[in-house]
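**Q** my questions are about this predicted structure, shown below with the sequence.
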Amino acid sequence: MRHLLLSLVFLVACSGGPPGRGDGAVETEAEPDQRLLVEVISVEQGSVADYLETTGTVESEAQADIVPEASGTVTRIDVEEGDAVRKGQVLAVIANPSLDASNSRAQIELERASNDLEKAKQLHADGAISDVELAGAQTAYRTAETGADEARRTRGFTRVTSPIEGTIAVRDLRVGEVAGGARAFQVVDLTRLRVIVQLPEKDLTRISLDQPVHLSSAYNEDATATATISRISPVVDAATGTVRVTVDIAPGQDTLRPGQFVKTRIEVARHDDVLTIPRRALVWEDGEPIAWTVEDAPEEVDVDEDGPAEEDAEGEESGFFAKLFGGEDGGEGEDGAEDADRVPGPEVPQRVAVRKNLTVGFVDTELVEVTTGLDAGAMVVTIGNTNLREGASVRLPDDPVPEVALEEDDEDEDGNDADNGEG
């Protein structure tokens, strides 16, 4: 058998060497790193809260739609949207000649009734008139006084005033138009904002007065505010099975506005000193929570040195011919030396992805409580964990990237390629 092998070696040497090499050329080939790039973070102790989440609309505790009680032509507007106003402040003036004339007549009637009463008192003192006549003069005066007061108030309807202190939210009035019967202004007290939400009956025992609430805009997570539960309805809506809960927004905030659609998050429980991972590290597969960890690749198992001598000899021979013809142990065949040359050097860390089945507890906006499946200090994948598979080769952002090149062909002493030597 060995003689046959030596003969084959001789024939190959005479034919110009193993196929696949160039005529003494040095081939260098750069090959992309096939490892998957991922980012990781270590499993740490932390605190995770449990929340009740729902939605609602911001509104003011004090809000007024102002409708003029008198009709007429708008002659003056004193405020604009966004202006702060006081209670009783004049917002606009409406001209109504009929009301002005009625007020003037009422004032004249009051003045005449007042003069008649003074004369009646003097005549009664002189005994010229009876008590009945004096009483009639007094009644006429009170009637005129009431009419004048009514006319004055009616004329006052032409002066549109604010019934509350707040901010002008809407101005629907324009100078020169005929007002009356429609909203002219809306005044909102921005210091007393609230959100009314409906919570399921089953969660009634988990909430209480003065419980903190976190609010955020449904379309802008950066627009947030703090609030507290101020009122809980004592009855359950039989039609929906929910409870009306009023949440008061803390005074002084200016990020949320009336009419804004918001998300409400009420903290009902918290677990401290538990294992946590970022929420983005949690992956759901078939409805089950998992996470991917990065671990050092297992070392390859060495060949048993106590094997039979004949098997070692045959292994050496097969390895020799594999190298000679580009086979498994170093040639340029499908799994040969070219692949071996592309294996990263020992200075490059070899890491693999490992799937971990989890049992999770509380999940908040940032962290996930891990009850089983991970140990403290484990490195979980936070970015790049959507397309991983068990045992996949991965690298971290700081890991070095190996340079890959093919080995040079040997040259003989005369400077000629060994592959072109004569047999």
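**A** Right, received. Where do you want to start? All of these numbers come straight from a predicted model, not from anything done at the bench. Residues are numbered from 1 along each chain as shown.
**Q** hey, let's count contacts and neighbours off CA atoms from now on
**A** Will do.
**Q** where in the stretch 151-300 of the chain is pLDDT low?
**A** 151-157, 300 (pLDDT under 70).
**Q** what ranges do the strands span in the stretch 1-150 of the chain?
**A** 36-37, 39-42, 44-60, 63-66, 72-77, 84-85, 90-95 (DSSP state E, counting those that start in this stretch).
**Q** single out the most deeply packed of the ones you listed.
**A** Each of these was scored by mean neighbour count; the highest is strand 90-95, a mean of 21, by mean count of other C-alpha atoms under 10 Å.
**Q** that strand pairs with which strands, parallel or anti?
**A** As defined by DSSP bridges, the strand partners of strand 90-95 come to strand 72-77 (antiparallel), strand 159-161 (antiparallel).
**Q** of all the strands of the stretch 1-150 of the chain, which lies closest to A218?
**A** Closest to A218 of these, according to C-alpha to C-alpha: strand 44-60, at 8.3 Å.
**Q** what helices or strands is that closest one leaning on?
**A** If contacts are counted by 3 or more C-alpha pairs under 8 Å, 6 or more residues apart in numbering; DSSP states H and E, strand 44-60 sits against strand 193-200, strand 261-278, strand 359-363, strand 367-372.
**Q** now the angle between strand 193-200 and that strand, please.
**A** 110 degrees (axes from the mean of the first three to the mean of the last three C-alpha atoms, to 10 degrees).
**Q** what pairs with strand 44-60, and is each one parallel or antiparallel?
**A** Counting by DSSP bridges, strand 44-60 is paired with strand 193-200 (antiparallel), strand 261-278 (antiparallel).
**Q** can you redo those as TSV with distance to V381 and mean neighbour count?
**A** Shown next, in TSV, are the strands paired with strand 44-60 (distance: least, C-alpha to C-alpha, whole Å; neighbours: other C-alpha atoms under 10 Å):
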stretch	distance to V381	mean neighbour count
strand 193-200	36	20
strand 261-278	10	19
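**Q** now tabulate those in JSON lines and tack on distance to D83.
**A** Formatted as JSON lines, the strands paired with strand 44-60 follow (distance: least, C-alpha to C-alpha, whole Å):
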{"stretch": "strand 193-200", "distance to D83": "18"}
{"stretch": "strand 261-278", "distance to D83": "24"}
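**Q** wait, which of those strands is closest to S216?
**A** S216 lies closest to strand 261-278 among the strands paired with strand 44-60, at 5.3 Å (C-alpha to C-alpha).
**Q** the closest one vs strand 359-363, what angle?
**A** Computed by the same axes, to 10 degrees, the angle between strand 261-278 and strand 359-363 is 140 degrees.
**Q** moving C-terminal of strand 261-278, what's the next helix or strand?
**A** Proceeding N to C from strand 261-278, the next assigned helix or strand is strand 283-285, under DSSP states H and E.
**Q** what helices and strands are in contact with that following strand?
**A** Here strand 283-285 touches strand 288-296, going by 3+ C-alpha pairs under 8 Å, 6+ apart.
**Q** quick one: list the elements packing against the strand it packs on.
**A** strand 283-285, strand 351-357, strand 379-383.
**Q** can you list the buried residues in the first one?
**A** Put plainly, it is strand 283-285. V283 (16 or more other C-alpha atoms under 10 Å).
**Q** swap in stretch 276-295?
**A** In terms of neighbour count (16+ other C-alpha under 10 Å), stretch 276-295 has its buried residues at 276-278, 281-283, 290-295.
**Q** V43: neighbour count?
**A** For V43, the tally of surrounding residues (other C-alpha atoms under 10 Å) stands at 19.
**Q** wait, it sits on V274?
**A** No - assessed by C-alpha atoms under 8 Å, V43 is found out of contact with V274, at 10.1 Å.
**Q** so which of the helices and strands packed on strand 288-296 is the most surrounded?
**A** strand 379-383 (a mean of 22).
**Q** tilt between it and strand 261-278?
**A** Computed by the same axes, to 10 degrees, the angle separating strand 379-383 from strand 261-278 equals 140 degrees.
**Q** show residues contacting strand 379-383.
**A** By C-alpha atoms under 8 Å, 6 or more residues apart in numbering, the surrounding residues in contact with strand 379-383 are 38-43, 277-278, 280-281, 291-295.
**Q** please redo it, this time with the cut-off set to 7 Å
**A** For strand 379-383, the surrounding residues in contact (C-alpha atoms under 7 Å, 6 or more residues apart in numbering) are 38-43, 280-281, 291-294.
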